[in-house]
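# What shape does this take:
(2 chains)
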Amino acid sequence: MHSLRLRPSRMIRSLGTLSLVLSAIFVTGAPLQAKPKEDPNTIVTNIGAVPPASSDTGKQERISLPFEGTGVPVNGGTETVNEQPVAAVASPGQEAGVESVIGSDGRYNITGTTSFPYRAIVHITSSIGGCSGWMISANTVATAGHCIHNGAWATNVKVYPGRNGSTTPYGSCNGRQLFAVSGWTSSRSRDYDYGAIKLDCTVGNTTGFFGYRVSSSSLTGQPSYTAGYPGDKTYATMWRADDSVRITQTYRLYYANDTYGGQSGSIVWNNEAGCSTCGIAIHAYGVDGTGYNGGTRITQSVYNNLTTWRNAP
Amino acid sequence: MQAIRRDGRRPVGVLLLLLVGLLLVACGSTGGASADDSDAPVTNTGSGAPVDPNAPVTGFPGQPGGAASAPAVRGRVLDAAGQPVAGVLVLPESTDSPSQAIPEIAVMTDEQGQYQWSLPPGSYTLRFSAEGYSATSEPVIIAPGATATLDVTLQKP
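Residues are numbered from 1 along each chain as shown, chains lettered A, B, ... in the order given. You can find the predicted model right below:
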């Protein structure tokens, strides 16, 4: 009589067949297929909804023009602020002593911060620290991603356009919404270190705002101007440095403009390609292995996101 | 005997089948798309040393995965009398080779003299400077997943 029980050999054979079938499924990835990789320029925000892509962005536009604004300071330009901590650091002329000042210090103080474009440059304070930024619309500031997200979103974000030490000719505004991209917030990639602050005011109508542009070709050799709020100078004073783009990479520009801690988020601009006072990068880091300071290049994706954020309510 | 010999071969054969299957499973689970953000050629035409844009990320603050990260180094700055010093600028400089790029944020001590920095693991020198005090620099090593503490006393010049 034949036994109807499943013999051990048949059980092993069945298991082997099953394992082959399962392995075939895994290899082809049917039920466990790797998730499609997210675009690192995907917008993220700290509160509220992510704004839809602006209709401008689909046109592959390359230049967003600047606007000079009225420039009229509030309260006759006498408004001052006394915040803590405000201790000045380092005497003028003292050697900075860090790598982001390359060679001799070429920075110069901007005292006329109520003239354009300087009045569109902002000092930023937050739980993360002091940074710089630049107006790109009436109520939007562009800055570095790490100025508003360092593992968590910044809090108590405050912006002072055209600040000159304790004098704040255009007062201050609060950041009510912060934007960055997943390439920075999730992957911490320097290639995507950029973001924006939506303000609770429309000070940009007064200060004006910078333009920004994309260039698909190399910018090496073009002038590079940057201005912001270095922490080694008298607190919250604006300083500028001029140089030229030394290295063009896909996502970054490198230059020898002298900078210092506090200038993250500063605009790097020039007056080329028919666009005066147009940003070409967002300054982010001191000297790295290239020997130069570097910033996030305004690529088409960066341009699109800046435009989306600029147009968001 | 013949039956036993026949039965002996089958378990070996199906065990081999199992082994192949397991190997295939292992290969299937470790494969998959690797991150590659670069979708355009490098346009490095400058005079500086070329840098691979796909080089490992060493940027701020260095906690992979993007989860909210604890500060990598924190501390307190006091004066010679043991009182907290506010408004001290704390600037890191990488002492690794190659050096790591430092985000240019101005971190200053608060009213309690406290500061904190989020940085990738590595070796750094922290420079402390404030008006009325002699600047000082101290080394610190940040281990992966750990928070270093560096307290400093500033002296008057």
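# least trustworthy helix or strand in the chain by mean pLDDT?
Going with chain A. helix A:8-28 (a mean of 68; mean pLDDT, DSSP states H and E).
# Can you look at chain B instead?
Scanning chain B with mean pLDDT, DSSP H and E, the lowest is helix B:2-30, at a mean of 59.
# Nearest to chain A within chain B, name that residue for me.
Per Cβ to the nearest Cβ, residue B:87 is where chain B lies closest to chain A, at 2.7 Å. For the C-beta atoms, the positions are set from N, CA and C on the backbone; glycine is no exception.
# Could you look up the SS state of that residue?
coil (DSSP: H, G, I helix; E, B strand; the rest coil).
# How about the closest residue to residue A:195 other than its chain neighbours: which residues does it bridge to?
Closest residue to residue A:195 apart from its sequence neighbours, by Cβ to Cβ, 6 or more residues apart in numbering or on different chains: residue A:180 at 3.8 Å. According to DSSP bridges, the residues that bridge with residue A:180 are residue A:44.
# Could you verify my assumption that residue A:180 touches residue A:144?
No. Using Cβ atoms under 8 Å, residue A:180 is not in contact with residue A:144, being 9.3 Å away.
# the more surrounded of these two?
residue A:144 (31 against 28; other Cβ atoms under 10 Å in any protein chain shown).
# Stretch A:253-271 and chain B, any residue contact?
Yes. Residues of stretch A:253-271 are located near chain B by Cβ under 8 Å from any Cβ of the partner chain, namely A:254, A:259, A:260, A:261, A:262, A:263, A:264.
# Would you state the strands of the stretch 101-250 of chain A in chain order?
A:108-110, A:121-125, A:130-137, A:140-143, A:158-161, A:173-181, A:195-199, A:211-213, A:223-228, A:238-248 (DSSP state E, counting those that start in this stretch).
# okay, the second one in CSV with CA atoms only?
In this case it means strand A:121-125. Coordinates of each C-alpha in strand A:121-125 appear next as CSV, following Å, rounded to 0.1, in the frame of the first residue of the first chain:
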residue,chain,number,x,y,z
ILE,A,121,20.1,92.2,2.5
VAL,A,122,18.9,91.0,5.8
HIS,A,123,20.3,89.9,9.1
ILE,A,124,18.6,86.8,10.5
THR,A,125,18.5,85.6,14.1
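# Give me the helices and strands touching that strand, please.
Judged by 3 or more Cβ pairs under 8 Å, 6 or more residues apart in numbering or on different chains; DSSP states H and E, the packing partners of strand A:121-125 are strand A:130-137, strand A:140-143, strand A:158-161.
# what's in contact with that strand?
A:83, A:113, A:130-135, A:141, A:143, A:147, A:156-163, A:197, A:227-229, A:236, A:238, A:265-267 (Cβ atoms under 8 Å, 6 or more residues apart in numbering or on different chains).
# repeat that for 7 Å
With contact meaning Cβ atoms under 7 Å, 6 or more residues apart in numbering or on different chains, strand A:121-125 is reached by A:130-135, A:141, A:143, A:147, A:157-163, A:227-229, A:236, A:238, A:265, A:267.
# That strand: partners in the sheet, and parallel or antiparallel?
Here strand A:121-125 is paired, per DSSP bridges, with strand A:130-137 (antiparallel), strand A:158-161 (antiparallel).
# any weak-confidence spans in chain A?
A:1-7, A:16, A:19, A:22-35, A:54-61, A:75-78, A:82-99 (pLDDT under 70).
# ok so, going back, for the strands paired with strand A:121-125, could you give me CSV that also reports mean neighbour count?
Output for those, formatted as CSV (neighbours: other Cβ atoms under 10 Å in any protein chain shown):
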stretch, mean neighbour count
strand A:130-137, 30
strand A:158-161, 25
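# Any chance of these in a markdown table with distance to residue A:48 as columns?
As requested, these are exported to a markdown table (distance: least, Cβ to Cβ, whole Å):
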| stretch | distance to residue A:48 |
| --- | --- |
| strand A:130-137 | 17 |
| strand A:158-161 | 18 |
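# The ones you listed: which one's closest to residue B:135?
strand A:130-137 (17.9 Å; Cβ to Cβ).
# Restrict the closest one to CA atoms and write it as CSV.
Coordinates of each C-alpha in strand A:130-137 appear next as CSV, following Å, rounded to 0.1, in the frame of the first residue of the first chain:
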residue,chain,number,x,y,z
GLY,A,130,23.0,84.3,13.2
CYS,A,131,22.8,84.2,9.5
SER,A,132,22.3,86.4,6.5
GLY,A,133,19.7,86.5,3.7
TRP,A,134,18.3,88.5,0.9
MET,A,135,14.8,89.6,-0.2
ILE,A,136,13.4,88.0,-3.2
SER,A,137,9.9,89.4,-2.9
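# What lies in contact with it?
So strand A:130-137 is in contact with A:120-124, A:141-144, A:147, A:159, A:161, A:197, A:204, A:207-210, A:212, A:228-229, A:231, A:262-267, A:279, A:306, A:310, B:105-106, B:108, going by Cβ under 7 Å, 6+ apart.
# the inter-axis angle of that strand versus strand A:223-228?
Relative orientation of strand A:130-137 and strand A:223-228, computed by axes from the mean of the first three to the mean of the last three Cα atoms, to 10 degrees: 120 degrees.
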